[in-house]
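**Q** Generate coordinates for the sequence data below:
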Amino acid sequence: MSDEKPVVASKTPFSVLVEAGKNYFWCACGRSESQPFCDGSHKGTGITPVKYEAEKKEWIWFCGCKQTGNAPLCDGTHKNLA
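**A** Numbering: from 1, shown residues only. Prediction:
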């Protein structure tokens, strides 16, 4: 296991229409080719995906920069990235 830091996948959030009762696994490492969701690219990084369970059908803004303080949701942190 290493102490790798997440990479910025996008400087904007990903809007996703989630379905009630469905589980989503948000990519926390930034390496997934299936953003904003995990594809297993985190293996060996020490970073694990974050489970999100949708309570209702609605649009959700998943963090793209991977720096949010409210994982897996966007908290606007991307606005402060260089």
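**Q** and the gap between residue 29 and residue 10?
**A** Noted for residue 29: a distance of 13 Å to residue 10, by Cβ to Cβ, to the nearest Å. In short, each C-beta sits where N, CA and C put it, glycine included.
**Q** actually residue 76, sorry about that
**A** 14 Å.
**Q** again with residue 81
**A** Using Cβ to Cβ, residue 81 is found at 10 Å from residue 10.
**Q** more crowded one of these two?
**A** Using other Cβ atoms under 10 Å, the more surrounded residue of residue 81 and residue 10 is residue 10, with 15 against 9.
**Q** give the contact list for that one.
**A** By Cβ atoms under 8 Å, 6 or more residues apart in numbering, the contact set of residue 10 is 35, 64, 65, 78.
**Q** what does the model give it for pLDDT?
**A** Per-residue confidence (pLDDT) for residue 10: 97.
**Q** That one falls within a helix, correct?
**A** No - counting by DSSP: H, G, I helix; E, B strand; the rest coil, residue 10 falls outside a helix, being coil.
**Q** pLDDT at residue 1, what is it?
**A** pLDDT, read off for residue 1, is 46.
**Q** now residue 82
**A** Model confidence at residue 82, given as pLDDT, is 82.
**Q** what number of residues lie near it?
**A** 3.
**Q** check contacts around it.
**A** Counting by Cβ under 8 Å, 6+ apart, residue 82 has no contacts.
**Q** Now residue 79: phi and psi?
**A** phi -70, psi -20 (degrees, to the nearest 10).
**Q** Likewise for residue 80?
**A** phi -100, psi 0.
**Q** tally of neighbours for it?
**A** 8.
**Q** show me the contacts for it.
**A** Neighbours of residue 80 in contact, by Cβ under 8 Å, 6+ apart: none.
**Q** Which residue ranges of the protein form strands?
**A** Secondary structure of the chain (DSSP state E): strands at 14-18, 23-26, 50-53, 58-62.
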